[in-house]
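Participant: here is the input, now give the coordinates:
(one chain, ligands or ions: 1)
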Amino acid sequence: MSAETRREKAQHIRHLLDTEGENVRANAGHFNESRYDAIDEFDEYEELRTEVRAIKEDAIERLPELVEQVRESVEANGGTVYLAEDATDANRYIEEVADDAETLVKSKSMTTEEIDVNDALEKSGVDVYETDLGEFVLQVADETPSHIVGPSIHKSREGIAELFNDQFDPDEPLESAEELTEFARDYLGERIRDADVGMTGANFVVADSGTITLVTNEGNARKSAVTPDTHVAVAGVEKLIPTLSDLQPFVELIARSATGQPITQYVTMLSPPVETPTVDFESPDTPISESDGDREFHLVLLDNGRTAMRDDDQLRETLYCIRCGACANSCANFQHVGGHAFGGETYSGGIATGWEAGVHGQQSAEEFNDLCTGCSRCVNNCPVKIDIPWINEVVRDRINHDESTEFDFLVEGLTPDEEPGGMNMQKRLFGNYATLAEWGSATAPLSNWVARSRPARALMERFLGVDRRRVLPKFESETLRKWFDSRGGSRVSPADADREAVLYPDAYTNHVQVERGKAAVRVLEALGVTVEIPAVAASGRAPLSQGMLSTAERHAHDVYADLAEHIDADRDIVVIEPSDLAMFAGEYEKFLPERSAERLDSSSYEIMEYVYGLLENGADSNELRAGDGERVAYHSHCQQRTLGLEAHTVAVLEDRGYDVLTSEVECCGMAGSFGYKREYYELSMDVGSELEAQFRTDEARNRTVVASGTSCLEQLDSLLERPSRHPVQLLDARV
Ligand code: SF4
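Facilitator: Okay, here's the model as predicted:
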């Protein structure tokens, strides 16, 4: 990416932060909070997640069979099924169906957005009216959706009122939400009544009965399906589920995951063509029994790349998506900038990368794929348990392989990774952080001085896209491992130890945050643990985050090779950096043989989790520094939360007498290299501003700031005047 492209990207994001950010934040944040509440109160959540996942896996596996089954069911009901190969094919068929139509009313459907059916129909002379309120607003405003569930979440009530008053010039200016809704209902009600064709999407299509399920909060989808005498439903083939009894768990989960409602206002199940006669609005006195009962129904099942996605082991999981939007709502970057940046031609949010790459091609995904920082917060929030960050990394890797620049010769073979020369240099730099850190420490303090000099910062910004406003990490010349060796290794001999542990020397602790590593050694020793810090490869988190999958995989194998003898010897692997632990517990499953990944995962502990376990098993907490009521503001790490490990830190600190205030903000905004990148610096700071605000409140202002992740510590240092530390440093009696 050129410096100019980065500048334009940064400008676009800044513009959206200024114009749409506040509304997106309020609305996506509201959906997210409501979802948490709804799920807290719903005991069967995990059980149903497992159930829907299994149904989806089965349905996608049997997709060709289900397509044939639904064809038979719909035809037996009197309707028609058309399997459209792509958007052009689907639109051609729909245009034929709507050949004599003057007007068509449509309910909200991302699949129809995907094929641009409105444009196609309007070109063939059909007036199309969106009847979902959010879509109607966008049609009037001539804008595109910014969210897959709430398409106009970027607009304010005031903005919509101004738009309607300008466009429709009502007798009395519209102002309140009620007035706007009532106006739209009346306006659209007339269009539905007069329409020749009604078009809907389908949240689910039941193969064995031909039942279309529409899950909505407005009644217009149902009205659009049953009022005109021709109904066209457009759905991706992945919407097929085998039987009616499979529907219930999806209905239980979709509204909770999308908006936090136990169920939407309308759940419509139709096995069209419906048998009720159409109402003749021109002669309201005619009894309905005398009306024409001749109805048409067309189910357009869209492939548009889905068969190829099904055949693609890495993208296949995307087809399990039920489009609830939870991955967008729970994503900090999305909450701040919305789908007009974090989205492609049609889809937005975390899973959009998979959809865009599958249905529109990699280029559409490339535009926004980097906005997923791999924090993994969405994974626990996805009702179908899709590994959304992994899909993002895979597509990023594929994009890297498609890139080539005139500067390739500068980096080819320069760094020890398996990636192609064509990969952009910014990614190569951040992806090889471990090598950089080794060089940085080996040549410190010169490396720090050079890297922080103004000319170097200007060059780094121009050619590598490292934003000059960020303070670069300072490499220590005495690494943690050097320090450990120079003190003669562990001060607790194995003969006197209760346990033996390997402290994993991650690149940040070993080269930059050395003090937290020293504190961890002393804390473990104080609790009777003998410690080793062997040379172990970097986890691969850095290359993974840049989509350098081959390099990350090599790291995984190297780490396992380095640690296997310690696992064999029954030593515990203690990890300070949560993102590295998350690699061991998550992505290594994809890189290592199952048995190796399991062994490493079950032997590894986050440092504060490990201390908690030692104390629970009888270690003497008095050996650790006492808090004596010291007031602490604590921010845990995204991946630590995903692993469910933040509670251990709070418990240990409170046990030692600290008064702990935990941040309610889920993300610091830094996310590894993300916040260093020129194009994302402002977004990163915007996300971080929420944490800053919380740590500047009266309750938090004078507290000691602690955070578990390197990125969080760096971001907090840039947001606050107070220095921040890792929680293990508070337990170190030497401090
Ligand atoms: S990936 Fe999961 S969370 Fe995201 S929209 Fe699809 S089903 Fe919802």
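
Participant: list the contacts for Tyr187?
Facilitator: Contacts for Tyr187 were tallied using C-beta atoms under 8 Å, 6 or more residues apart in numbering; they are Phe168. Where you see a C-beta, it was placed from the backbone N, CA and C, and this is true even at glycine.

Participant: er, His637 I mean
Facilitator: So His637 contacts 578-579, 646, 707-709, 711-712 (C-beta under 8 Å, 6+ apart).

Participant: in strands, which of these fall?
Facilitator: Ala707 (DSSP state E).

Participant: max pairwise distance over the contacts of His637: which two?
Facilitator: Glu646 and Ser711 (15.2 Å; C-beta to C-beta).

Participant: the residue in the stretch 1-150 of the chain that the ligand sits nearest to in helix, strand or coil?
Facilitator: Residue nearest to the ligand within the stretch 1-150 of the chain (C-beta to the nearest ligand atom): Ile148, separated by 6.5 Å. Secondary structure of Ile148, reduced to three states by DSSP: H, G, I helix; E, B strand; the rest coil: coil.

Participant: use 590 as the first number for this chain going forward.
Facilitator: That works, and once the first residue is 590, the last one we named lands at Ile737.

Participant: quick check: it touching Arg912?
Facilitator: Yes - contact criterion C-beta atoms under 8 Å: Ile737 and Arg912 qualify, at 5.4 Å.

Participant: which one of these two has more residues nearby?
Facilitator: Using other C-beta atoms under 10 Å, the more surrounded residue of Ile737 and Arg912 is Ile737, with 25 against 22.

Participant: tell me how far that one lies from Gly932.
Facilitator: 9 Å (C-beta to C-beta, to the nearest Å).

Participant: and what of His1237?
Facilitator: Distance from His1237 to Gly932, by C-beta to C-beta: 37 Å.

Participant: ok, the two, which is more surrounded?
Facilitator: More crowded of His1237 and Gly932, by other C-beta under 10 Å: Gly932, with 27 against 23.

Participant: now do the contacts for the more buried one.
Facilitator: Per C-beta under 8 Å, 6+ apart, neighbours of Gly932: 735, 938, 941, 957.

Participant: hmm, His736 and the second one touching each other?
Facilitator: Yes - under the criterion of C-beta under 8 Å, Gly938 is in contact with His736, at a separation of 7.3 Å.

Participant: so after the helix or strand of the chain with the lowest mean pLDDT, what's the next helix or strand?
Facilitator: When each helix and strand of the chain is scored by mean pLDDT, DSSP states H and E, helix 997-1000 comes last, with a mean of 47. Proceeding N to C from helix 997-1000, the next assigned helix or strand is helix 1014-1020, under DSSP states H and E.

Participant: ok, which stretches of the stretch 590-739 of the chain are strands?
Facilitator: 669-673, 692-695, 716-719 (DSSP state E, counting those that start in this stretch).

Participant: the residue of the stretch 1190-1324 of the chain found nearest the ligand - how many residues pack around it?
Facilitator: As assessed by C-beta to the nearest ligand atom, the ligand sits closest to Thr1231 within the stretch 1190-1324 of the chain, at 14.0 Å. For Thr1231, the count of nearby residues is 21 (other C-beta under 10 Å).

Participant: got it, and the one 3 residues further on?
Facilitator: The burial count assigned to Leu1234 is 23, neighbours taken as other C-beta under 10 Å.

Participant: any weak-confidence spans in the stretch 640-789 of the chain?
Facilitator: Within the stretch 640-789 of the chain, no range satisfies pLDDT under 70.

Participant: the residue positioned nearest the centre of the chain and Lys1266: what is the separation?
Facilitator: By C-alpha atoms, centre = their mean, the chain has its centre lying nearest to Gly939, at 3.6 Å. Using C-beta to C-beta, one obtains 19 Å as the distance from Gly939 to Lys1266.

Participant: so Glu1279 sits against Val1254, correct?
Facilitator: Yes - taking contacts as C-beta under 8 Å, Glu1279 lies within contact range of Val1254: 4.7 Å.

Participant: same drill for these two, tell me which one is more crowded.
Facilitator: Glu1279 (21 against 18).

Participant: where's the more buried one, which helix or strand?
Facilitator: Going by DSSP H and E, Glu1279 is in helix 1270-1284.

Participant: neighbours of Glu864, how many?
Facilitator: So Glu864, with other C-beta under 10 Å, has 10 neighbours.

Participant: phi and psi next, for it.
Facilitator: phi -90, psi -10 (degrees, to the nearest 10).

Participant: shaky segments in the stretch 790-939 of the chain?
Facilitator: In the stretch 790-939 of the chain, residues with pLDDT under 70: 877-882.

Participant: now swap in the stretch 1140-1289 of the chain and tell me
Facilitator: In the stretch 1140-1289 of the chain, no residues with pLDDT under 70.

Participant: which residue ranges of it form strands?
Facilitator: Under DSSP E, counting those that start in this stretch, the stretch 1140-1289 of the chain gives strands at 1161-1164, 1193-1195, 1220-1224, 1248-1251.

Participant: packing partners of the second one?
Facilitator: Right, strand 1193-1195. strand 1161-1164, helix 1167-1171 (3 or more C-beta pairs under 8 Å, 6 or more residues apart in numbering; DSSP states H and E).

Participant: how far off centre is that strand?
Facilitator: 25 Å (C-alpha atoms, centre = their mean, to the nearest Å).

Participant: residues in contact with it?
Facilitator: Here strand 1193-1195 has contacts from 1093, 1161-1165, 1167, 1170, 1173-1174, 1202, 1229, 1232, 1234, 1237, 1297, using C-beta under 8 Å, 6+ apart.

Participant: restrict these to the buried ones and give me that as a ChimeraX selection.
Facilitator: One line in ChimeraX is enough to select the buried ones among these; burial here means 16 or more other C-beta atoms under 10 Å:
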select :1093,1161,1162,1163,1164,1165,1167,1170,1173,1174,1229,1232,1234,1237,1297
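
Participant: for the closest residue to His1100 other than its chain neighbours, give me its contacts.
Facilitator: Nearest residue to His1100 in three dimensions, chain neighbours excluded: Ala1026, at 3.9 Å (C-beta to C-beta, 6 or more residues apart in numbering). Listed by C-beta under 8 Å, 6+ apart, the contact partners of Ala1026 are 1064, 1096-1097, 1099-1101.
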